[in-house]
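J.: next comes the sequence, and after it the predicted model I'd like to discuss.
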Amino acid sequence: MTAHLIDGNALAAQVRAQVAERVKVLRAGGVQPGLAVILVGDDPASAVYVKHKVTDCEAAGMRSVLERHPATMTESDLLARVRALNADDGVHGILVQMPLPKHIDPQQVIATLSPAKDVDGFHVANAGALLVGQKGFKACTPYGCMKLIETTGVALRGKHAVVIGRSNTVGKPMALMLLQANATVTVCHSGTADLAAHTRNADIVIAAVGRRDTVRASMVKPGAIVIDVGMNRNEAGKLCGDVDFAGVREVAGWITPVPGGVGPMTRAMLLVNTLEAAERRLA
Ligand code: GUN
């Protein structure tokens, strides 16, 4: 049996359409949700991501402001820009594209963001809200993964989820969201002794490592849901995830492709968070 494909492009299109409808309502009331995106330096991959975020906003009827700064920008100048955007009433969401140049401490930047505009969900106030089950902005990638899992119709109570990776942006918030949804959660990482022993017992596997072929067919329980957060390149330069897609799809029950799985949902959830930032301001 070949796994069902979870189509991130199709789900993201649905989410974007829902966002666009809610944006229309806000605009009819005189408010246009706005996202400010700050890009420091000229990393080509970051430039592409940022361009997508801006065009997504505009397609949904939101306003977007892209600020590009040279890689030599000082940390204090960047913090000053963040403070100015915090105070700008036309801006509902602020995203500072990561990674930042080495001389800038990302934690300082995140701490300077107004939590009410932190649509990445990276500020400790938002990360902490997730930890204790309060309302806050959820990190876009794990939030998108939850939506992808929901499309399977599988109820998470009583299910074992294994998250591979413990980053602040994906692994840790992912584990908390799965826990909130009543899954039993194991977090594996580079210090895990026997990864396969964990994944073979998992009903849901989330791979967020950044190394291709981390999850192979022999490591997956038949029928499992496999969500691939990885974005890597193979020898031929082709985009691939952390999962051996061709092998694992023959074992899993559901699987997300790369590209066309998690990536489009990360972008879609940024729109959802930005819209909610504008709606909450009005509430
Ligand atoms: N760089 C790669 N992904 C992201 C993201 O989701 N948010 C930000 N701010 N930077 C990123």
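T.: Everything's here; your move.
J.: how about whatever residue of the stretch 51-200 of the chain ends up closest to the ligand, what does it touch?
T.: Here the stretch 51-200 of the chain gets closest to the ligand at one residue, M98, 3.6 Å apart by C-beta to the nearest ligand atom. (Each C-beta comes from the backbone N, C-alpha and C, glycine too.) Residues near M98 by C-beta atoms under 8 Å, 6 or more residues apart in numbering: S46, P106, T169.
J.: wait, the last one touches K138, no?
T.: Pointing back at T169 there. No - the criterion here is C-beta atoms under 8 Å, and T169 misses it with K138 at 11.4 Å.
J.: the more surrounded of those two?
T.: The residue with more neighbours, out of T169 and K138, is K138; 25 against 19, by other C-beta atoms under 10 Å.
J.: mind pulling up the pLDDT for that one?
T.: We note a pLDDT of 98 for K138 in this prediction.
J.: flag every residue of the stretch 51-200 of the chain that's near the ligand.
T.: By C-beta under 6 Å from any ligand atom, the residues of the stretch 51-200 of the chain that approach the ligand are L95, V96, Q97, M98, D120, C140.
J.: and the second one, its phi and psi?
T.: To tie it back to what came earlier, the one meant is V96. When read as degrees, to the nearest 10, the backbone of V96 gives phi -100, psi 110.
J.: also the fourth one?
T.: M98 adopts backbone torsions of phi -100, psi 150, taken as degrees, to the nearest 10.
J.: ok, it to N126 distance?
T.: 15 Å (C-beta to C-beta, to the nearest Å).
J.: secondary structure class for K138?
T.: Per DSSP: H, G, I helix; E, B strand; the rest coil, the secondary structure class of K138 is coil.
J.: now it: closest residue in space, sequence neighbours ignored.
T.: Residue nearest to K138 in three dimensions, not counting chain neighbours: G121, with 5.0 Å by C-beta to C-beta, 6 or more residues apart in numbering.
J.: do the same with S218
T.: The shortest distance from S218 to any non-neighbouring residue, by C-beta to C-beta, 6+ apart, is to A196 (7.0 Å).
J.: for that neighbour, the count of nearby residues, please.
T.: By the criterion of other C-beta under 10 Å, A196 has 14 neighbours.
J.: over to G41?
T.: Counted by other C-beta under 10 Å, the residues lying close to G41 total 18.
J.: mind telling me what element K135 is part of?
T.: Taking DSSP states H and E as the definition, one finds K135 inside no helix or strand.
J.: my read: G260 touches A12, true?
T.: No - counting by C-beta under 8 Å, G260 does not reach A12; the two are 9.3 Å apart.
J.: of the two, who's got more company?
T.: A12 (25 against 16).
J.: what residue spans form the domains of the chain?
T.: Structural domains annotated on the chain: 30-114, 140-263, as defined by automatic domain parsing.
J.: how about the helices in the chain?
T.: In the chain, the segments counted as helices under DSSP state H are 8-28, 44-59, 75-86, 106-112, 124-132, 140-150, 171-180, 195-199, 245-248, 262-282.
J.: mind giving me the packing neighbours of the first one?
T.: What that stands for is helix 8-28. Here helix 8-28 touches helix 44-59, helix 140-150, helix 262-282, going by 3 or more C-beta pairs under 8 Å, 6 or more residues apart in numbering; DSSP states H and E.
J.: other residues contacting stretch 270-283?
T.: With C-beta under 8 Å, 6+ apart as the test, stretch 270-283 has contacts from 15-16, 19, 22-23, 26, 29, 31, 33-35, 53, 56-57, 60, 62, 92-93, 95, 116-117, 119-121, 137-138, 140, 143.
J.: please check the residues you listed and keep the buried ones.
T.: 15-16, 19, 22-23, 26, 31, 33-35, 53, 56-57, 60, 62, 92-93, 95, 116-117, 119-121, 137-138, 140, 143 (16 or more other C-beta atoms under 10 Å).
J.: ok, A13 - contacts?
T.: By C-beta under 8 Å, 6+ apart, the contact set of A13 is empty.
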